[in-house]
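**Student:** Would you be able to build a 3D model of this:
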Amino acid sequence: METKRSKNRIQVDISITDFFKYYKAKKVTKKEYTSSICNKIIKEYHKRLMEKMRNENFIYRFPYGIATLRIKKYKRKIKLLPNGNVDPKSLTINWKATRDLWKEDLEMKNKKKFIYYTNIHTDGYQYKYYFDKTTTRLGNMSTYHFKATRFNTRQLGELLMNTNRKVDYFE
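**Tutor:** As a prediction, this is how the structure comes out:
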């Protein structure tokens, strides 16, 4: 049976192999590096950069004033319905806890009752990797975006769950 694969959700124009081809064409140093060594160098650089952002609240400024990348903390705006109840669209669903509840109580599943995150451990704040394009000197920046890898978002989540964390992020 043949399976179809869809295109990647996020298309990239420049990849690590393009960096290696550019490096090889320019011959920056007399040492010869293979593409696997170049990949390891780039991956280690990105790993350390993200660790520094998480652990030291480091703000990465892209060259030539293109943009900045940082971890931003924000409070979710909770909206109220006309009857005074909280609008569930303004809250984030805790799917793991909701599915566990639905396994235990089928009536809750039939009523479509959800459990929402309250973020008590962070005083109601949420955190995200923020690609700030407001300070750019270039045009057409609306086409650029940054999406952190799943690994990095999970690492940030683990750090935020730690009650002994020493770093706080800017709003």
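**Student:** Quick check: buried residues in the helix-or-strand element of the chain with minimal mean pLDDT?
**Tutor:** Lowest mean confidence among the helices and strands of the chain (mean pLDDT, DSSP states H and E): helix 16-26, at a mean of 81. By neighbour count with 16 or more other C-beta atoms under 10 Å, helix 16-26 contains the buried residues F20. (Glycine included, C-beta is placed from N, CA and C.)
**Student:** packing partners for the helix or strand following it?
**Tutor:** Using DSSP states H and E, the helix or strand that directly follows helix 16-26 along the chain is helix 35-56. Counting contacts by 3 or more C-beta pairs under 8 Å, 6 or more residues apart in numbering; DSSP states H and E, helix 35-56 packs against helix 16-26, strand 68-75, helix 150-161.
**Student:** So which of these is nearest Y33?
**Tutor:** helix 16-26 (7.4 Å; C-beta to C-beta).
**Student:** okay, the angle between that closest one and helix 35-56?
**Tutor:** Taking axes from the mean of the first three to the mean of the last three C-alpha atoms, to 10 degrees, one finds that helix 16-26 is oriented at 120 degrees with respect to helix 35-56.
**Student:** residues in contact with helix 16-26?
**Tutor:** Y33, S35, C38, N39, I42 (C-beta atoms under 8 Å, 6 or more residues apart in numbering).
**Student:** ok, the last one - contacts?
**Tutor:** For I42, the contact set (C-beta under 8 Å, 6+ apart) comprises I16, F19.
**Student:** what number of residues lie near the nearest residue to M141 once chain neighbours are set aside?
**Tutor:** With C-beta to C-beta, 6 or more residues apart in numbering as the criterion, M141 has its nearest non-adjacent residue at 4.3 Å, and that residue is K133. Residues near K133, counting by other C-beta atoms under 10 Å, number 16.
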